[in-house]
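**Q** Sequence and computational prediction follow.
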Amino acid sequence: MKRNKSGSVKSDGWDKIRNVSELRHLTGLTRTELIEYFGEMGEPRFRADQVFRALHERRLTAFDEMTDLPKALREKLNASATATTLRVESKYTSVDGTRRFLMRTADGNPVETVYIPTENRDTICFSSQSGCALKCDFCLTAKLGFIKNMSAGEIIEQIIIVLNDVYGVGNETPHATNLVAMGEGEPFLNFDNLIKALNIMSDENGLHIVPGRVTVSTAGIVPKIYEFAQLDRRPNLAISLSSADDALRDKLMPINKRWPIDDLFKAAKVFEGTLKRGERFTFEYVLLGGINDSDEQAEQLVERLQRHGFTKAKINLIPHNPAEQLDYHPSAPEQVRRFKEILESRGVSAYIRTPRGRDIYAACGQLAAKQEPNLVQIQSE
Ligand code: SAH
């Protein structure tokens, strides 16, 4: 594998700074906030703009690398602020090219980010939280429990670290980058930080990842779906469903007891009403062998969707990614195909998602800060 000589995933700045959590993390500031911060330091606006570009467009991770800034300013910044808080603890590369980054926040909590290359685009799957408070029975992240919310800066930094690792610091990316908020955590339980991070990342003088290239996945935090529907420039939405039967969904995804399927579908319908021509949204359905994958359950799903009159919903069928601590197994491939055919024969679009990075605990529902397999260690050098 090609290693980047500049060691982009390591941050020079980090090693020099001891109390990172006491410093202002500039990566998480909007352009306006950055201008204000520079104003407080008695620095002009154009310096703030310059640093915004350096952080987001050039993806520099230390002020000392910003050699176009006066030395005195760099020193001032080093004394009060930081450009980096996350440390890559280990990195794992799958046989299919997927990479999983296990990182630590400045306060020592795990966070994972996954790079998923496809022929002409890159997808980065980032974590909105460390751990997760929801107790979905088929998901390994749930076993971590909730640890903490990612700050906006910690969300953005995950993307910067991955892009720098793949392409080198500051190098342009040859493909468009797609983002999915499908890593550790429930994005809608960290709504404000998530939306702030996405706004900062959409800036054309920065990473310039526009909302159309971003998909946020929720297990069904209903009030936040309504709030999300009102946003002006907003990403795509995916809703994790996994069962059209309330009794079963209560068991698989206990959040269903708080917001059952009818409430969820009502919110999804309002969201659908705000979509523009040609736009769609997704229901994700994890297929668990012998649990939610029968022909009858496919029929039930169609009926329930039709009762709510969805016209812009599609279904992503996700084969279950097994793990030792999980009591489920994947559906037989033949049953996955049948499930899809039943949906399609009744006019519901369905797609089977190919699992990526299963061998390195990087696939859906597998992020649990696993330290193995230990394919590539990078922080120990
Ligand atoms: N908490 C959010 C974001 C996580 S997205 C949500 O639930 O939508 C992760 C996706 O992987 C979800 O659709 C989830 O249902 C799915 N998933 C969880 N565990 C899985 C597993 N073991 N195999 C396959 N998919 C899984």
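**A** Cool, the structure landed. Numbering: from 1, shown residues only.
**Q** Surely Ile156 is in contact with Leu29?
**A** No: using CB atoms under 8 Å, Ile156 is not in contact with Leu29; the gap is 9.9 Å. For the C-beta atoms, the positions are set from N, CA and C on the backbone; glycine is no exception.
**Q** Now do the shared contacts for the two.
**A** Ile200 (CB atoms under 8 Å, 6 or more residues apart in numbering).
**Q** which is the next helix or strand following the helix or strand in which Gln335 is found?
**A** In this assignment (DSSP states H and E), Gln335 forms part of helix 333-345. Using DSSP H and E, the helix or strand that directly follows helix 333-345 along the chain is strand 350-352.
**Q** from the chain's centre, how far out does that next one sit?
**A** Relative to its chain's centre, strand 350-352 lies at 21 Å (CA atoms, centre = their mean, to the nearest Å).
**Q** Would you mark the buried spots in the host helix or strand of Ala72?
**A** Here Ala72, judged by DSSP H and E, is contained in helix 71-80. Going by neighbour count (16 or more other CB atoms under 10 Å), the buried part of helix 71-80 is Leu73, Arg74, Lys76, Leu77, Asn78.
**Q** surely the first one meets Gln50?
**A** Right, Leu73. No: using CB under 8 Å, Leu73 is not in contact with Gln50; the gap is 9.6 Å.
**Q** Which parts of the chain are helices?
**A** Assigned by DSSP state H, the helices in the chain fall at 12-16, 31-40, 45-52, 71-80, 152-167, 191-202, 222-230, 246-252, 255-258, 261-273, 295-307, 333-345.
**Q** Give me the distance from the top strand by length along the chain to the chain's centre.
**A** Ranked by number of residues, the top strand in the chain under DSSP state E is strand 110-118. Offset of strand 110-118 from its chain centre (CA atoms, centre = their mean): 8 Å.
**Q** and it, what other elements does it pack with?
**A** Strand 110-118 is packed against strand 99-104, strand 121-125, strand 129-131, helix 152-167, with contacts defined by 3 or more CB pairs under 8 Å, 6 or more residues apart in numbering; DSSP states H and E.
**Q** Write out the residues of the stretch 251-381 of the chain neighbouring the ligand.
**A** Glu284, Val286, Ile318, His320, Asn321, Cys364, Gly365 (CB under 6 Å from any ligand atom).
**Q** For the first one, give its distance to Lys91.
**A** Spatial separation of Glu284 from Lys91 under the definition CB to CB, to the nearest Å is 27 Å.
**Q** Have a look at these two and say which one is more surrounded.
**A** Of the pair Glu284 and Lys91, Lys91 is the one with more neighbours under other CB atoms under 10 Å, namely 23 against 19.
**Q** Any idea what that one is bridged to?
**A** When assigned by DSSP bridges, Lys91 has beta-bridge partners Phe101, Val376.
**Q** Now this structure against the ligand: closest residue?
**A** Gly365 (1.9 Å; CB to the nearest ligand atom).
**Q** how close does the residue lying farthest from the centre of the chain get to Thr311?
**A** Here the centre of the chain is the reference, and by CA atoms, centre = their mean the most remote residue is Ala72, at 36.9 Å. Separation of Ala72 from Thr311 (CB to CB): 60 Å.
**Q** Check Gly131 too.
**A** 37 Å.
**Q** who has more neighbours, those two?
**A** It is Gly131, of Gly131 and Thr311, that has more neighbours when counted by other CB under 10 Å, with 21 against 10.
**Q** residue contacts, that one?
**A** Contacts of Gly131 by CB under 8 Å, 6+ apart are Asn109, Pro110, Thr141, Leu144, Gly145, Phe146, Ile147, Lys148, Glu184, Gly185.
**Q** of these, closest to Leu252?
**A** Distance to Leu252, by CB to CB, is smallest for Thr141 among these, at 14.5 Å.
**Q** Any residues of the stretch 51-200 of the chain in contact with the ligand? List them.
**A** Near the ligand, when you scan the stretch 51-200 of the chain using CB under 6 Å from any ligand atom, you find Cys136, Phe138, Cys139, Met182, Glu186.
**Q** Tell me the pLDDT of the nearest residue to the third one once chain neighbours are set aside.
**A** Right, the one you point to is Cys139. Leaving aside its chain neighbours, Cys139 sits nearest to Gly365 (4.2 Å; criterion: CB to CB, 6 or more residues apart in numbering). Note on Gly365: pLDDT of 79.
**Q** ok, Gly365 touching Val286?
**A** Yes: applying CB under 8 Å, one finds Gly365 in contact with Val286, separated by 7.1 Å.
**Q** Which residues are in contact with each of these two?
**A** The contact lists of Gly365 and Val286 share Phe138, His320, where a contact means CB under 8 Å, 6+ apart.
**Q** Settle it for me: which of the two has more neighbours?
**A** Comparing Gly365 with Val286 by other CB under 10 Å, the one with more neighbours is Val286, at 28 against 23.
**Q** what pairs with that one across the strands?
**A** Ile318.
**Q** list the buried ones in stretch 248-264?
**A** Neighbour-count burial for stretch 248-264 [16+ other CB under 10 Å]: Leu248, Arg249, Asp250, Leu252, Met253, Ile255, Asn256, Trp259, Ile261, Leu264.
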